[in-house]
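**Q** no FASTA, just this:
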């Protein structure tokens with residue numbers, strides 16, 4: 001049993017060795033070992049044979065004989081110029097002179113070296129003639145002033161040539177031009193006929209001509225200018241604007257027989273109160289107002305609405321206070337509330353608010369200072385009206401005012417306010433601004449509706465206003481909470497107050 005066991009182990013070991021030798025790893029390992037052995041043998045062989053071969057080659061090379069140095073003398077050799085191109089950063093001097101070539105030295109030949117040929121001189125530089133130098137003319141110190149003066153003189157000359165000559169006041173005949181006495185039959189310069197010369201030879205010629213009647217002398221009538229006519233004062237040209245006189249078309253045209261301002265004031269001098277108001281209202285409602293009051297002036301308001309949007313509202317107002325008469329003779333007329341409201345309603349207009357009065361003064365073309373008179377019972381008399389109107393007219397002329405200018409500061413305004421409905425039977429007055437812009441009269445309703453004195457004035461505002469260029473009814477704006485804040489200090493105006501100021 002024991003022997004059998006060892007036999008099995010030996011047989012298994014033999015089978016395992018044969019399998020290993022037949023495996024790929026064993027084959028590759030065998031090849032690698034063979035290659036290493038071959039390489040080692042080759043290295044040993046080359047190391048022993050190579051030195052002997054190299055020494056044998058050196059011994060076979062012949063040794064050259066000793067050669068003595070030749071002393072040769074060279075003759076004159078031709079030379080030529082070699083141009084060396086210039087390189088950046090290298091010497092850019094003239095080209096160097098080098099020998100073109102050297103002959104080969106023959107052994108045993110004797111050569112003689114002579115002096116070198118003198119160097120050829122550099123060729124003279126070629127100068128290309130250019131333009132002669134030009135000296136700049138010094139610039140004058142006042143060239144700009146001279147140019148401007150020349151242009152101004154030329155422009156003045158052209159304007160003078162285009163400007164029409166003024167027409168003489170009286171036309172006079174031009175003097176006769178003297179004619180040179182070349183011949184008695186010489187034609188005069190003037191086309192007017194002249195008398196026959198006294199020394200004219202009128203002897204009939206051989207051929208008899210039919211006698212003709214002498215031509216009658218031409219009659220010349222000199223033109224004359226018409227007599228100068230009085231002209232009205234120059235009006236202020238406001239140019240075309242949205243507030244055209246179409247908005248005042250409800251004001252009747254003034255009749256030719258209507259009394260002028262001074263005559264009308266004299267006719268109502270004895271009247272007072274409502275009687276005077278009625279007489280004034282009749283004249284105004286028939287169109288007896290100056291023409292310049294029909295040319296309404298624009299007054300603008302710009303602000304932000306409650307909804308956050310910006311808006312511009314333009315109202316159209318009379319350039320001065322209501323007056324009776326024509327452009328050259330008129331009187332500003334104070335009125336009670338009832339008469340003023342009736343006139344405003346008839347002309348499709350209304351009274352201003354306090355904010356409108358402030359804006360009118362701020363945007364006025366002419367601001368007059370207040371001219372208070374002595375207070376008393378005579379303040380409401382027609383005589384006071386006339387005196388104060390004369391004072392304002394003098395201020396107007398002294399300030400260079402022209403008809404149609406938007407003028408303010410010389411009167412208090414009858415205004416539209418919510419107080420008219422809260423305090424019925426009263427008139428609301430405000431204004432008379434000082435030069436600094438502060439009004440003498442704050443908003444007040446202490447007087448009765450029929451009261452009027454010399455300091456009051458009636459400023460009319462068209463019912464047509466413009467919101468961002470769009471025409472709207474001013475009453476609707478004043479009652480609208482969105483826009484009323486731009487035009488009035490106490491918010492929207494109720495309909496009762498508007499009705500009181502419009503009846």
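**A** Received, thanks. From a predicted model like this one, the values you see are computed outputs, not experimental measurements. Residues are numbered from 1 along each chain as shown.

**Q** Low-confidence regions, the stretch 1-150 of the chain specifically.
**A** 1-18, 50-119, 124-150 (pLDDT under 70).

**Q** residues near residue 47, how many?
**A** 9 (other CB atoms under 10 Å). C-betas here are computed from N, CA, C, even on glycine.

**Q** Where does it sit, in terms of helix or strand?
**A** Element membership for residue 47, per DSSP states H and E: helix 24-59.

**Q** Give the other helices and strands that that helix contacts.
**A** Here helix 24-59 touches no other helix or strand, going by 3 or more CB pairs under 8 Å, 6 or more residues apart in numbering; DSSP states H and E.

**Q** Contacts only, for residue 242.
**A** Each residue near residue 242 by CB atoms under 8 Å, 6 or more residues apart in numbering is listed here: 298, 314, 316, 466, 469.

**Q** what would those look like in JSON lines with pLDDT and neighbour count?
**A** JSON lines is the format used below for those (pLDDT from 0 to 100; neighbours: other CB atoms under 10 Å):
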{"residue": "298", "pLDDT": "98", "neighbour count": "15"}
{"residue": "314", "pLDDT": "97", "neighbour count": "19"}
{"residue": "316", "pLDDT": "98", "neighbour count": "25"}
{"residue": "466", "pLDDT": "97", "neighbour count": "18"}
{"residue": "469", "pLDDT": "94", "neighbour count": "8"}
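
**Q** Max pairwise distance over those: which two?
**A** The largest separation in these, counting by CB to CB, is between 316 and 469 at 13.4 Å.

**Q** Phi, psi for the nearest residue to residue 480 once chain neighbours are set aside please.
**A** Among residues not flanking residue 480 along the chain, residue 492 sits closest, at 6.6 Å (CB to CB, 6 or more residues apart in numbering). Backbone torsions of residue 492, given as degrees, to the nearest 10, read phi -60, psi 140.

**Q** count of neighbours near residue 492?
**A** Neighbours of residue 492 (other CB under 10 Å): 17.

**Q** Tell me the one of the contacts of residue 242 nearest residue 251?
**A** Nearest to residue 251 among the contacts of residue 242, with distances taken as CB to CB, is residue 316, at 13.0 Å.

**Q** Please list all residues in contact with that closest one.
**A** 242-243, 247, 296-299, 461-462, 464-465.

**Q** Only the buried members of the residues you listed: can you turn that into a ChimeraX selection?
**A** Buried residues among the contacts of residue 316 (16 or more other CB atoms under 10 Å), as a ChimeraX selection:
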select :243,247,296,297,299,461,462,464,465
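
**Q** taking the contacts of residue 316 one by one, which sit in helices?
**A** Among the contacts of residue 316, none falls in helices (DSSP state H).

**Q** Which of the contacts of residue 316 fall in strands?
**A** Within the contacts of residue 316, residues falling in strands by DSSP state E are 297-299, 461-462, 464-465.

**Q** export these to JSON lines and tack on distance to residue 256?
**A** Compiled in JSON lines, the ones in strands among the contacts of residue 316 are given as follows (distance: CB to CB, whole Å):
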{"residue": "297", "distance to residue 256": "27"}
{"residue": "298", "distance to residue 256": "31"}
{"residue": "299", "distance to residue 256": "33"}
{"residue": "461", "distance to residue 256": "29"}
{"residue": "462", "distance to residue 256": "27"}
{"residue": "464", "distance to residue 256": "30"}
{"residue": "465", "distance to residue 256": "34"}
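
**Q** So which of those residues is the closest to residue 436?
**A** Using CB to CB, the ones in strands among the contacts of residue 316 come closest to residue 436 at residue 299, 19.9 Å.

**Q** in the sheet, who's paired with that closest one?
**A** residue 315 (DSSP bridges).

**Q** same check, this time on residue 464
**A** Beta-bridge partners of residue 464, counted by DSSP bridges, are residue 473.

**Q** how near is it to residue 358?
**A** Between residue 464 and residue 358 the distance is 21 Å, computed by CB to CB, to the nearest Å.

**Q** ok, now residue 257?
**A** Separation of residue 257 from residue 358 (CB to CB) stands at 40 Å.

**Q** between these two, which one's more packed in?
**A** residue 358 (18 against 6).

**Q** tally of neighbours for residue 443?
**A** 17.

**Q** Might you report the residue contacts of it?
**A** So residue 443 contacts 354, 415, 417, 419, 428-430 (CB under 8 Å, 6+ apart).

**Q** Just those: which are in helices?
**A** Short answer: those in helices (DSSP H) are 354, 419.

**Q** Relative to residue 399, which of the contacts of residue 443 is nearest.
**A** Nearest member of the contacts of residue 443 to residue 399, counting by CB to CB, is residue 430, at 23.4 Å.

**Q** and the end-to-end length of stretch 333-351?
**A** Using CA to CA, to the nearest Å, one end of stretch 333-351 lies 15 Å from the other.

**Q** And stretch 407-416, by the same measure?
**A** 20 Å.

**Q** average pLDDT across it?
**A** The average pLDDT for stretch 407-416 rounds to 98.

**Q** so what secondary structure elements neighbour the one helix or strand residue 397 maps to?
**A** Here residue 397 sits within helix 382-398, counting by DSSP H and E. With contacts taken as 3+ CB pairs under 8 Å, 6+ apart, helix 382-398 sits against helix 261-267, strand 330-332.
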